[in-house]
Every structure is written in C-alpha cells, then in structure tokens.
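A.B. asks: Compute the structure for the input listed below.
(one chain, ligands or ions: 1)
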Amino acid sequence: MSSTLGLSWDQHHLGQEVQMGSVARRSFASENVVNRDHALPNPSWNKDLRLLFDQFMRKCEAGSWKRLPSNNHSPQSFQDFQTRFVDPKLPKEQISQARLFTRSFEDGLGFEYVMFCNDAEKRVVCFFQAGPYLQGAPGFTHGGAIATMIDATTGMCAFRAGGVVMTANLNINYKRPIPLCSVVVMKSQIDKVEGRKVFVSCNVRSVDEETLYSEATSLFIKLDPNKKLA
Ligand SMILES: CCCCCCCCCCCCCCCC(=O)SCCNC(=O)CCNC(=O)[C@H](O)C(C)(C)COP(=O)(O)OP(=O)(O)OC[C@H]1O[C@@H](n2cnc3c(N)ncnc32)[C@H](O)[C@@H]1OP(=O)(O)O
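C.D. replies: Here you go, the predicted model:
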C-alpha cells in the first residue's frame, strides 16, 4: 500500500538492522523473498491475470502507463518516513520482521496483484486475484481483503499524486460478492486535492467489465512532517 509507497513497504520492512544469530539468518532468508518483485507473473497467476498483465505491458511500451514493481519504491521516501514518523523506541527485532500485509502470503494463497499507473491522468489500475486464504462467505472473497486492496490501490494513486499520505477515510459499497480465486479490475483516480486532503475514487469490476462488484471513495491526508504519528 503501503504500498506501496515511495517507500518500499515491500522491500525494506521498516529498518534493516538485525543484530545476530538466528534472527539475522531468518531475516536474510525472508529478505530474499521480500526483495523479489511480486508484481510479475508467477505460476499461481491464472489466465485472466496473465492476459491483463500482457495487455497493460503493451500499453507500457506505448508510453502512457507504467508498471509498478513491488520492490522498487524510492528508498529516500522510505528513509524520510522512518526518520520523521516511526517511533525510534520500537524494538529493532520486531521492526526488522515487518513486511507489507498484502505481500505476506505464499504465492497464490493470498493477494496476487499488479498495479499500473498513468501519472498524467492521475490513475492507478490494479489487477487482483484473491487466493483461497482470503475467503469470507464460503466461495467468496472476504470484504476486509477487498477493502485492503481498495486501500492499497487508492493509496498508491494518492501517493503518486500527493507524496506521503495515510488513509483517513474509506467508504465502500459492496454490490456483488467477488468469487474466490477470480480476478477483478480495480480502477482508481484522483477526484480532487484540497490542501493536504487527497480525494480518490475506485471501482471494482469483473474482467469483462460487466459486473460492478464494489465502489469506493477514499480520503488520504498528506502527512505533516512536523507532526508525530504516535
Ligand atoms: C515512505 C512513505 C510512505 C508513503 C505512503 C505511500 C502509500 C502508497 C501505497 C499505499 C498502500 C498502503 C495503503 C495502506 C494505507 C494505510 O494502511 S494507512 C493506515 C490507516 N490509517 C491510519 O492509521 C491513519 C490514522 N489517522 C491519523 O494518523 C491522522 O488522523 C492523519 C490521517 C495522519 C491526519 O492527521 P493530521 O496530519 O494531524 O491531520 P489533521 O490536521 O487532523 O487534518 C488535516 C485535514 O484533514 C481533515 N481530516 C482528517 N481526517 C479526516 C477524516 N477522517 N475525514 C474528513 N476529514 C479529515 C481535517 O479536518 C483537516 O482539514 P482542514 O482543517 O485542513 O480543512
């Protein structure tokens, strides 16, 4: 979310210092996983996700869209966030194990997704395949998992337009249940920016665009560097 995030929530797990012994070995192993670019096809991606990925990669070649790798956010933004907002008293071992929620499952079991942005149009599109561990009602995707991905997508949209932000408000209308293991298309766009407030909307549709699953609006606040978060 976040992803998403001038930072690399994916990559840097809020601090890399690990002291010694088993903690260090564990961290090294998990870092290899965490450093991978998860926004590329893996064997768990179904045909729909691969087709959408290929289609948007062609748009990227044309120039207006850009794929957002999961491991390539600006380290400087991340450092700034850490320096300005993270409590320096947090235990380093705990922090070194932190990783982005949406990238913390094994391939195919949780959130499989790739985002593309069009900065000129202030839009972010996310293709999301909900794995079997995201079940809510039997056979369908959990509403919290859907909210998570809407937050991540709109959050990325707000971040690209406004810099370091946090979610202040998220409203979702769930209109149809999303079948588990299916792929959905999440389209978000900036509606307006008023001072530190960034308003973003998002809709979630089936791959053929025939079914509208959810609609959402989000408010993100650009963080004030002079205010502590906690
Ligand atoms: C390395 C960098 C990372 C970068 C990142 C990029 C991310 C790219 C991918 C993201 C992918 C992950 C996406 C997950 C994103 C989360 O998971 S965020 C976690 C959930 N959110 C939170 O925990 C936030 C908790 N809330 C807070 O900490 C604080 O309320 C906030 C949001 C920081 C705002 O606090 P503040 O800076 O003190 O702002 P404040 O002065 O209260 O309000 C400013 C203005 O906003 C208005 N406002 C504030 N809240 C609200 C509200 N709820 N409703 C309406 N208006 C509001 C105020 O009325 C005020 O308006 P004006 O008076 O200026 O007109």
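A.B. asks: Quick check: phi and psi at the closest residue to residue 101 other than its chain neighbours.
C.D. replies: In space, and not counting its chain neighbours, residue 101 is closest to residue 148: 6.8 Å by CB to CB, 6 or more residues apart in numbering. Every C-beta, even on glycine, is put in place using the N, C-alpha and C of the backbone. For residue 148, the backbone dihedrals (degrees, to the nearest 10) come out as phi -60, psi -50.
A.B. asks: quick one: contacts for residue 148?
C.D. replies: Residues in contact with residue 148 (CB atoms under 8 Å, 6 or more residues apart in numbering) are 101-102, 111.
A.B. asks: TSV for the residues you listed, including distance to the ligand, pLDDT and secondary structure?
C.D. replies: Shown next, in TSV, are the contacts of residue 148 (distance: CB to the nearest ligand atom, whole Å; pLDDT from 0 to 100; DSSP: H, G, I helix; E, B strand; the rest coil):
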residue	distance to the ligand	pLDDT	secondary structure
101	8	94	helix
102	8	96	helix
111	12	98	strand
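A.B. asks: buried subset of those residues?
C.D. replies: Neighbour counting by 16 or more other CB atoms under 10 Å classes 101-102, 111 among these as buried.
A.B. asks: quick one: which of those is nearest residue 228?
C.D. replies: The closest of the buried ones among the contacts of residue 148 to residue 228 turns out to be residue 101 (CB to CB; 22.9 Å).
A.B. asks: Which parts of stretch 185-194 count as buried, going by neighbours?
C.D. replies: Within stretch 185-194, the residues scored as buried using 16+ other CB under 10 Å are 185-190, 193.
A.B. asks: The ligand next: which of these are close?
C.D. replies: Contacts with the ligand within the buried residues of stretch 185-194, as defined by CB under 6 Å from any ligand atom: none are present.
A.B. asks: Now do the helices in the protein.
C.D. replies: 9-12, 21-35, 47-62, 75-85, 92-96, 143-162 (DSSP state H).
A.B. asks: Please pull out the lowest mean pLDDT helix or strand from this structure.
C.D. replies: For the chain, using mean pLDDT, DSSP states H and E, the weakest element among its helices and strands is helix 9-12, scoring a mean of 34.
A.B. asks: ok, now which ones touch the closest residue to residue 172 other than its chain neighbours?
C.D. replies: In this structure, residue 172 finds its nearest non-sequential neighbour in residue 216, 4.4 Å apart by CB to CB, 6+ apart. Neighbouring residues of residue 216 by CB under 8 Å, 6+ apart: 150, 154, 170-173, 201-204.
A.B. asks: Out of the helices of the chain, name the one with the poorest average pLDDT.
C.D. replies: Mean pLDDT is lowest for helix 9-12 among these, at a mean of 34.
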